[in-house]
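A.B. asks: Pasting a predicted model and its sequence here:
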Amino acid sequence: QVQLVESGGGLVQAGGSLRLSCTASGRTFSSYGMGWFRLSLGKEREFVATISRTTGITYYTDSVKGRFTISRDNGKNTVYLQMDSLKPEDTAVYYCAARRGGTSMSGYEYDYWGQGTQVTVSS
């Protein structure tokens, strides 16, 4: 069982930055591919970014490429999402997720989810 706890959300003006963190319990964090997803009002859950277990391979949804960066520190059991040049349309609850194996853009392939952290970007 893996428990995920997100932090770092908040209110920021458009153009600003936030860094989300997600810390996992357990000793096998490096066995899990990690992902970030978001859910905003009136929309379906959206893939944001994913990172491989140890090689650092990453993938992003087109709308955040060049603005968001996913990274991980396996020694700290933590995955990060650095969000720069934020836009009002980035407003959402952001969730981190873990899956046994490598990267995936599909939320259905993840085994564990955090409780989410709210990000609000004002115009």
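C.D. replies: Perfect, I can see it now. Numbering: from 1, shown residues only.

A.B. asks: who's in contact with the nearest residue to Ser106 once chain neighbours are set aside?
C.D. replies: Sequence neighbours aside, Phe47 is the residue nearest to Ser106 in space, at 7.3 Å (criterion: CB to CB, 6 or more residues apart in numbering). Yep, even glycine has a C-beta here, placed from its N, CA and C like the rest. For Phe47, the set of contacting residues under the criterion of CB atoms under 8 Å, 6 or more residues apart in numbering consists of 35, 37, 61, 105-107.

A.B. asks: Assign a three-state SS to Phe47, would you?
C.D. replies: Secondary structure state of Phe47, per DSSP: H, G, I helix; E, B strand; the rest coil, is strand.

A.B. asks: per-residue pLDDT, it?
C.D. replies: What the model reports for Phe47 is a pLDDT of 98.

A.B. asks: do the one 5 residues further on as well
C.D. replies: Ser52 is assigned a pLDDT of 97 by the prediction.

A.B. asks: Bridging across strands, which residues link to the spatially most central residue of the chain?
C.D. replies: Centroid-nearest residue in the chain, with CA atoms, centre = their mean: Trp36, separated by 2.5 Å. Note on Trp36: beta-bridge partners by DSSP bridges are Ala49, Cys96.

A.B. asks: That one and Thr103, how far apart?
C.D. replies: In this structure, Trp36 and Thr103 are 12 Å apart, going by CB to CB, to the nearest Å.

A.B. asks: Pull up the overlap in contacts between the two.
C.D. replies: Thr50.

A.B. asks: how about the residue nearest to the centre of the chain, what does it touch?
C.D. replies: Counted by CB under 8 Å, 6+ apart, Trp36 has contacts 20, 22, 48-50, 70, 79, 81, 94-97.
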